[in-house]
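Colleague: Please find the sequence and the predicted model below.
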2 protein chains.
Amino acid sequence: MELDDTDRAILRILQEDARTPFSEIARRIDMSSATVHDRVGRMEDAGVIEGYHASVNAKAVGYGVSALVGLRVEQGREEDALERLREIEGVREIHLTTGEWDVILRVVAEDTDRLRDLMFDRIANMDGFSRSQTMIILGTDYEVEGPPI
Amino acid sequence: MELDDTDRAILRILQEDARTPFSEIARRIDMSSATVHDRVGRMEDAGVIEGYHASVNAKAVGYGVSALVGLRVEQGREEDALERLREIEGVREIHLTTGEWDVILRVVAEDTDRLRDLMFDRIANMDGFSRSQTMIILGTDYEVEGPPI
DNA sequence: CATGAAAGAATGAGCAG
DNA sequence: CTGCTCATTCTTTCATG
């Protein structure tokens, strides 16, 4: 799908605050709210907008620790290994990467004890991985949602 | 702030689809929409809900490549180095980590050429870093927003 | 936490440039 | 093809018990 400047302006607003009323978006970009409605609908249908999500403070719901986990996957075990990782609740992202690791996970846990359980009991000793490294996130200095638009 | 099961149910719905009308949330959790309104407002004020964001498909807006970048920061240069990283448009997340790297970035770029420019011209040769490694994300197998609730 | 009412927003049809 | 106007329905929001 081809996006014009109006589409991009709408995306920028919704990326920043997904609950902005169409009527206010319309005011800001100087179009009618029916037009905003049309365009948002088309971008949703085309998969340009993949969804709308509330950002929930992880600590507030009891998840105090996050980490990035690098994994080496044994040859031929890839599909099976990924399948099992997806089923672990603390695993929030699974990226296939070049470089030192085949797979990098983002995981969350209630505390460091639970992270240890997650890593030792469920991931590091899981069949199909030959090596792992846990990089605990001490803090997130900066974070913006999605791509620049 | 203390969250009860009703709050958590609301969070789960908004985390999944931040544009769900309060009236529909109310129907699903069997409460009045005024109550949903109150609770959402309180969770926003308390910082439990940090915002609402549209997920925009990066490729659709011209960003075809993402990578994780590990960096070693020279002693005493931390603040200055982070400051400059935050100003680079392609840098979307900056995490301080334990383990092999002091800092891990998530970056996006239009294509591999632009990623190379970003890495060589702007990051790797930036003052204050002694070592870097770029792990290109070949694909994201799985991704869920935020913590489990 | 609910009710109820006023204000505001979403939505879709049909029309105009 | 694109955006607008208009009318209906639904939603938000807030004062009150």
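Modeller: Structure received.

Colleague: Now name the helix or strand holding residue A:72.
Modeller: strand A:65-73 (DSSP states H and E).

Colleague: buried sites along that strand?
Modeller: A:65, A:66, A:67, A:68, A:69, A:70, A:71, A:73 (16 or more other CB atoms under 10 Å in any protein chain shown). Every residue, glycine included, has its C-beta placed from N, CA and C.

Colleague: for those residues, which one is nearest residue B:77?
Modeller: Closest approach between these and residue B:77, by CB to CB: residue A:68, at 22.3 Å.

Colleague: who's in contact with the closest one?
Modeller: Residue A:68 is in contact with A:104, A:105, A:106, A:107, A:134, A:135, A:137, B:68, B:95, B:97, B:104, counting by CB atoms under 8 Å, 6 or more residues apart in numbering or on different chains.

Colleague: got JSON lines for those, with secondary structure and pLDDT too?
Modeller: What follows is those, written out as JSON lines (DSSP: H, G, I helix; E, B strand; the rest coil; pLDDT from 0 to 100):
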{"residue": "A:104", "secondary structure": "strand", "pLDDT": "98"}
{"residue": "A:105", "secondary structure": "strand", "pLDDT": "97"}
{"residue": "A:106", "secondary structure": "strand", "pLDDT": "98"}
{"residue": "A:107", "secondary structure": "strand", "pLDDT": "98"}
{"residue": "A:134", "secondary structure": "strand", "pLDDT": "96"}
{"residue": "A:135", "secondary structure": "strand", "pLDDT": "97"}
{"residue": "A:137", "secondary structure": "strand", "pLDDT": "98"}
{"residue": "B:68", "secondary structure": "strand", "pLDDT": "98"}
{"residue": "B:95", "secondary structure": "strand", "pLDDT": "98"}
{"residue": "B:97", "secondary structure": "strand", "pLDDT": "98"}
{"residue": "B:104", "secondary structure": "strand", "pLDDT": "98"}
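
Colleague: Tell me the one of these nearest residue A:16?
Modeller: Nearest to residue A:16 among those, with distances taken as CB to CB, is residue B:95, at 21.8 Å.

Colleague: Can you name the residues bridging to the residue nearest to residue A:138 when sequence neighbours are not counted?
Modeller: Excluding the flanking residues, the one nearest residue A:138 by CB to CB, 6 or more residues apart in numbering or on different chains is residue B:96, at 4.5 Å. Following DSSP bridges, residue B:96 is listed with bridge partners residue A:139, residue B:103.

Colleague: I figured residue B:96 was touching residue A:141, is that so?
Modeller: Yes. The pair residue B:96 and residue A:141 qualifies as a contact (CB atoms under 8 Å) at a distance of 6.1 Å.

Colleague: Quick check: neighbours shared by the two?
Modeller: residue B:103.

Colleague: who in chain A is up against DNA strand C?
Modeller: Where chain A comes near DNA strand C, counting by CB under 7 Å from any atom of the strand, the residues are A:21, A:22, A:23, A:24, A:33, A:34, A:37, A:41.

Colleague: Which pair in those residues has the greatest spatial separation?
Modeller: A:24 and A:41 (17.3 Å).

Colleague: Given the strand holding residue A:72, what are its sheet partners and their directions?
Modeller: Partners of strand A:65-73, by DSSP bridges, with direction: strand A:103-109 (antiparallel), strand A:129-143 (antiparallel).

Colleague: pLDDT score assigned to the residue nearest to residue A:133 when sequence neighbours are not counted?
Modeller: Excluding its sequence neighbours, the residue lying closest to residue A:133 (CB to CB, 6+ apart) is residue A:70, at 4.5 Å. For residue A:70, the model assigns a pLDDT of 97.
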